[in-house]
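**Q** fold the following, please.
(one chain, ligands or ions: 2)
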Amino acid sequence: SSLHDFIHGLPKCEHHVHLEGCMSPELIFTMAARNNISLPDPATNPAYASVAALTARYDHFSSLDDFLAFYFRGMDVLVNEADFADLAWWYFRKAHADGVHHAEVFFDPQVHIDRGVSYETVVNGFSAGCKRAERELGLSTRLILCFVRHLPVSSAANVYEKFISSGHFEAGVVHGLGWSSSEVGPPKDMFREQYALAAQRSIPLTAHAGEEGDPTYISTALELGATRIDHGIRLVEDPELMKRIASDGTLLTVCPLSNVRLRCVPSVEQVPIRQFLGAGVKFSINSDDPAYFGGYILDNYCAVQEAHQLSVLEWRMIAENSVQQSWIEDSRKAELL
Ligand code: ES4
Ligand code: ZN
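**A** Ligands and ions are numbered 1, 2, ... in the order given. Predicted coordinates:
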């Protein structure tokens, strides 16, 4: 339809995609073979019997943690710098085809370091993918290093030290920090120390909060210095906090298909798009882990349109907010608008 063409043509910015969440079942099996990594035995885990079986299993995640087990298994097959570069390049090509002009992408170094892949291998590979996308596709990109909540804080402290001593922030190789993985369970403020140190250096900070967890996870992330919230859909349960986020202009990076697949909401109709619009809360629409959740960014935009029937003016405002809230210079914003 013409509205689909209009949505495709909007200058889209992605603020919430995990590069490891772009590991499709095909890529998992291909890289496992190429790197001699054994996947789980199908006799005990039938999901790994074939590409088709693994794809089918992704239709039945019961929760965030159920998904995360597959997500962390999938990234086990990434070994060499070229694997990381290929994965990033594969994502950027798809994003470009979807009408993305600027992409801010997460990665999880702690998990790779835990299985013996060095911080440098991960960052050099992903960074090479970013550079290639800038050169060959005209995209602007930002790498955001994510701490993970299921590993000890000491593991995050170790990665933070590597990140600082590498000079990657000053060099613009890694632009900011986030946190992700299991929400409910570990202490809400587990990265207090790392975020305080990073804030002193004016490193941009975001955080996954209010996905499965209640709004106090969001207020804690803000207290620790996050200036953006990833997901944040449970914000609607705290009207006072919602007013504050609206008046501060804090961006939520909403991921509708993710929320449905992980059973945070029954369907895209229950993603609080209308409430956010009504309250003046800024948000962008994003893909999260597109290889696992049945769609890339354009699929997410279209699912929102199907479910919420937004007007052309509302879509223009969403696109403009996503440009304005991107972690890029004003000159780049002007090019995108
Ligand atoms: C994630 Cl959907 C989601 N939530 C929290 N952490 C994550 N890491 C990758 N995808
Ligand atoms: Zn996420």
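**Q** the residue in the stretch 1-150 of the chain positioned nearest to ligand 1: neighbour count?
**A** Going by C-beta to the nearest ligand atom, ligand 1 is nearest to His18 of the stretch 1-150 of the chain, at 4.3 Å. No exception for glycine: its C-beta is placed from N, CA and C like everyone else's. When neighbours are defined as other C-beta atoms under 10 Å, His18 has 24 of them.
**Q** list the helices and strands the strand or helix carrying Gly74 packs on?
**A** Taking DSSP states H and E as the definition, Gly74 sits inside helix 64-74. If contacts are counted by 3 or more C-beta pairs under 8 Å, 6 or more residues apart in numbering; DSSP states H and E, helix 64-74 sits against helix 290-293.
**Q** circling back to that earlier point, how near is the residue of the stretch 1-150 of the chain closest to ligand 1 to Arg263?
**A** Distance, His18 to Arg263, using C-beta to C-beta, to the nearest Å: 19 Å.
**Q** cool, Arg244 as well?
**A** Taking C-beta to C-beta, one finds Arg244 at 28 Å from Arg263.
**Q** could you list the low-pLDDT ranges of this structure?
**A** Applying pLDDT under 70 to the chain picks out residues 1.
**Q** what residue in it comes nearest to ligand 1?
**A** Counting by C-beta to the nearest ligand atom, the chain gets nearest ligand 1 through Ser180, at 3.4 Å.
**Q** that residue: what's it in contact with?
**A** If you count contacts by C-beta atoms under 8 Å, 6 or more residues apart in numbering, Ser180 has them with 18, 106, 108, 146-149, 208, 230.
**Q** got a winner among those for most neighbours?
**A** That'd be His208 among the contacts of Ser180, by other C-beta under 10 Å, with 29 neighbours.
**Q** which helix or which strand is home to it?
**A** Assigned by DSSP H and E, His208 falls in strand 206-209.
**Q** and that strand, what other elements does it pack with?
**A** strand 176-180, helix 215-223, strand 228-231.
**Q** among the ones you listed, which is the most enclosed?
**A** Burial of the helices and strands packed on strand 206-209 is given as mean neighbour count (mean count of other C-beta atoms under 10 Å); strand 228-231 ranks first at a mean of 27.
**Q** who in the stretch 101-250 of the chain is up against ligand 1?
**A** 180-181, 208, 211 (C-beta under 6 Å from any ligand atom).
**Q** ok, which pair from those residues is furthest apart?
**A** Ser181 and Glu211 (10.7 Å; C-beta to C-beta).
**Q** mind listing residues that contact the helix or strand that contains Leu87?
**A** Under DSSP H and E, the secondary-structure element containing Leu87 is helix 81-97. With C-beta under 8 Å, 6+ apart as the test, helix 81-97 has contacts from 14, 17, 19-20, 22-23, 27, 31, 35, 77-78, 103, 105, 121-122, 124-126, 128-130, 132-133, 137, 139, 141, 290, 296-297.
**Q** same check, this time on stretch 153-170
**A** 109-110, 113-114, 119-120, 123, 145, 147-148, 173-175, 177, 190-191, 193-194, 197-198, 201, 203.
**Q** alpha carbons of that stretch, as CSV, please.
**A** This file holds the C-alpha atoms of stretch 153-170, laid out as CSV (Å, rounded to 0.1, in the frame of the first residue of the first chain):
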residue,chain,number,x,y,z
VAL,A,153,29.6,-7.3,38.5
SER,A,154,33.3,-8.2,38.6
SER,A,155,32.9,-9.3,34.9
ALA,A,156,31.5,-5.9,34.0
ALA,A,157,34.2,-4.1,35.9
ASN,A,158,36.8,-6.1,34.0
VAL,A,159,35.2,-5.2,30.6
TYR,A,160,34.9,-1.5,31.7
GLU,A,161,38.6,-1.5,32.5
LYS,A,162,39.4,-2.9,29.0
PHE,A,163,37.1,-0.4,27.4
ILE,A,164,38.7,2.6,29.1
SER,A,165,42.3,1.4,28.7
SER,A,166,41.7,0.7,25.0
GLY,A,167,41.0,4.3,24.3
HIS,A,168,38.0,3.2,22.2
PHE,A,169,35.7,5.9,23.7
GLU,A,170,38.0,8.8,22.8
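**Q** many thanks, we can stop here.
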